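In: sequence unknown, structure follows:
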């Protein structure tokens, strides 16, 4: 995709970076509450690490795409501000670690020189919009979903609707019915469909809503089999508005979309979405990508290499790492990146390689790998040779031996046990003892360091979750073994059952037991069918001996990748941007939002102005409720409680109720006339609330 950078956009980015620098200074001076500052930096991609005094910075790469220029820029930043290691996440982002907080504004400014952002990579925002890494080249796809994912990312970046929601929000686009984007486990998932109307091919999406992983995984609900592409952006915006207004804000573990749907019901939620449509800035948002030029294929110079000279390793690599494309004469190359970690000495040559001999870009994948696209078939031997030079030619791409794992206790505050340590051991077991599984793409292993499932363990055929267990009076690192999850395609999936818990040190043996039993007794059927045939208790009995804590030895108390005895050390998680709001801070934030609303009004952005003023009113009302020790858990709850505690009691004099004033937002089209009237009303109400607060403090 081309850069959409404009002069106005550059000014907005510059202001964003200056604002981060200013807030860091205020935080250092003790003028901003630590918890409130956390919320701000998370929305700028700056995340606390397990190690004190340093930050993890998450770089947001929509649908995992990075051009050669962008990859080199990321390398430059990592070299100057971090430790030179790049980590690919299961959401197609890049993370760098051990960054000084005070240097994050400069780091961000450097990235933006090549149109790379940190904005809304963490926190209670719309997270990275993911997509199948094969979008645009998938032989099975009805059309390329890349432009639609890109438009979604751009439309909601910095959108006032989704800056401070109760929880994060995740969206994914799959390229085909294989659902390699995993639509069924997202807040919103989209699978492309085409139907014929009067002889014309019409594009649309199958839409799924309310999926998620974590400690309580939920399969998304089917909303429609076909949403036309011009309705994509309006539908997403309406969903986000309802989630922002009614979503839980007090109880972090109940604040995701899946819990809101469970609480009010799918039908009621969709009714609210329908009612919200009048307030949207666009009733239709056509995305005319059908008329774009065909996929542009590179035509690099030929390289004379004799494949026979590359040996058996090349032939085995080609079997697992070279993928067909729908473009004749071209293939894609899967680069296996163990645990998603690669380094500058690999990334820079890779950027040069794809720029000169492929499409000038890579796609980071949902399984923490790299996909090189648009490689001319005659250049495959050359690519193998060049990748081997930088140790990126491991075979078994997307196979059982290609294990997904989150960082776990390496850097994450929430990690309970080492996910990367056990992943390395399991990969070693497969490569050395079960090499036949390096060709098996029907079995998937995923590992998470805690129940939050960043490694997606509970949707894998074989999953492991880091935890602890007691052996007498000693606490040792352990793994919950989960079996029977998997992607079934076309928006359908299943979540794994918890089978048993074993000491972490016995993880490799648990895998051996499972694979040996499968090979001996499955009789050629697939793993999920075999699991269903045998049942959960069969596998519990199979692993029962390994789960016995009575036979624990001293070595079991040391986690993989560690030298010392295990200690439980779980910090405060930041995935949700948990915030302790102070009255003064909330009133200040309310004014900041009203100022943003006035700015949007002056620029003619009517819908943005209305939403900023709406958010300002909510913050001001919440501040007064907090001053009275009244707990709130959603924007809708704030509105009703404010009427009950302040308007109905006569403490605040309004002509009508607060709810009547605020809810005008979804009863009018976002016209210039209404935007100006709503802004005037919001400023008047804010003045009333601020005056009341000042008088209360003085009294």
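Out: Thanks, I have the structure now. A quick note: this is a predicted structure, and the numbers were derived from the prediction, not measured.

In: where does the stretch 401-550 of the chain have low pLDDT?
Out: Low-confidence segments of the stretch 401-550 of the chain, defined by pLDDT under 70, span residues 409-411, 413-415.

In: Of all the helices and strands in the chain, which has the lowest average confidence?
Out: Least confident helix or strand, the chain: helix 34-42 with a mean of 76, by mean pLDDT, DSSP states H and E.

In: following that helix, which helix or strand comes up?
Out: In the C-terminal direction, the helix or strand that comes right after helix 34-42 (DSSP states H and E) is strand 46-48.

In: What strands line up against that following strand, and which way round?
Out: strand 55-59 (antiparallel) (DSSP bridges).

In: which is the next helix or strand following the strand it pairs with?
Out: Next along the chain after strand 55-59, taking DSSP H and E as the criterion, comes strand 65-67.

In: List the neighbours of that next one that are in contact with it.
Out: Outside strand 65-67, the residues that touch it by CB atoms under 8 Å, 6 or more residues apart in numbering are 1, 74, 94, 114, 116, 146, 360-364. Bear in mind the C-beta positions are built from the backbone N, C-alpha and C, glycine included.

In: domain ranges for this structure?
Out: Per the record, the chain has its domains at 1-122, 316-389, 404-557, 583-698, by automatic domain parsing.

In: now the shortest one: mean pLDDT?
Out: Confidence over domain 316-389, taken as the mean pLDDT, stands at 97.

In: starting at the chain centroid, how far to that domain?
Out: Its chain's average C-alpha position is 24 Å from that of domain 316-389, according to CA atoms, centre = their mean, to the nearest Å.

In: which parts of the least confident helix or strand of the chain are buried?
Out: 36-42 (16 or more other CB atoms under 10 Å).

In: Which single one of the residues you listed is nearest to residue 592?
Out: Closest approach to residue 592 among the buried residues of helix 34-42 (CB to CB): residue 40, at 11.0 Å.

In: where's the closest residue to that closest one other than its chain neighbours relative to residue 671, distance?
Out: Spatially, and ignoring its direct neighbours in sequence, residue 40 is nearest to residue 23 (5.4 Å; CB to CB, 6 or more residues apart in numbering). According to CB to CB, to the nearest Å, residue 23 and residue 671 sit 34 Å apart.

In: Looking at these two, which one has more neighbours?
Out: Set side by side, residue 23 and residue 671 show more neighbours around residue 23, with 18 against 12, by other CB atoms under 10 Å.

In: Contacts only, for the more buried one.
Out: Neighbour list for residue 23: 32, 37, 40-41 [criterion: CB under 8 Å, 6+ apart].

In: Tell me the buried residues in the biggest helix by length in the chain?
Out: Longest among the helix segments of the chain by residue count, using DSSP state H, is helix 672-698. Buried residues in helix 672-698, counted by 16+ other CB under 10 Å: 674-675, 678-679, 681-683, 685-686, 689-690, 692-693.

In: Which other helices and strands does that helix contact?
Out: Taking 3 or more CB pairs under 8 Å, 6 or more residues apart in numbering; DSSP states H and E as contact, the helices and strands that helix 672-698 lies on are helix 583-602, helix 606-627, helix 658-662.

In: got the angle for it vs helix 583-602?
Out: Calculated by axes from the mean of the first three to the mean of the last three CA atoms, to 10 degrees, helix 672-698 forms an angle of 160 degrees with helix 583-602.

In: how distant is helix 672-698 from the center of its chain?
Out: Centre-to-centre, helix 672-698 and its host chain are 36 Å apart (CA atoms, centre = their mean).

In: That helix vs helix 606-627, what angle?
Out: Per the same axes, to 10 degrees, the angle that helix 672-698 makes with helix 606-627 is 20 degrees.

In: I'd like the mean pLDDT over helix 672-698, please.
Out: For helix 672-698, mean pLDDT is 92.

In: Let the chain start at 883 from now.
Out: In the new count, where the first residue is 883, that last one comes out as helix 1554-1580.

In: For the stretch 1233-1382 of the chain, just list every one of the helices.
Out: For the stretch 1233-1382 of the chain, helices defined by DSSP state H, counting those that start in this stretch occupy the ranges 1262-1271, 1301-1315.

In: Of all the ones you listed, which one is nearest residue 1236?
Out: It is, among those and with distance given as CB to CB, helix 1262-1271, at 9.2 Å.

In: quick one: contacts of that closest one?
Out: 1185, 1187-1189, 1192, 1196, 1199-1200, 1204, 1213, 1215, 1217, 1231-1232, 1235, 1239, 1254, 1257, 1275.

In: Quick one: buried ones out of those residues?
Out: By 16+ other CB under 10 Å, the contacts of helix 1262-1271 give 1187, 1192, 1196, 1199-1200, 1204, 1213, 1215, 1217, 1232, 1235, 1239, 1254, 1257, 1275 as buried.
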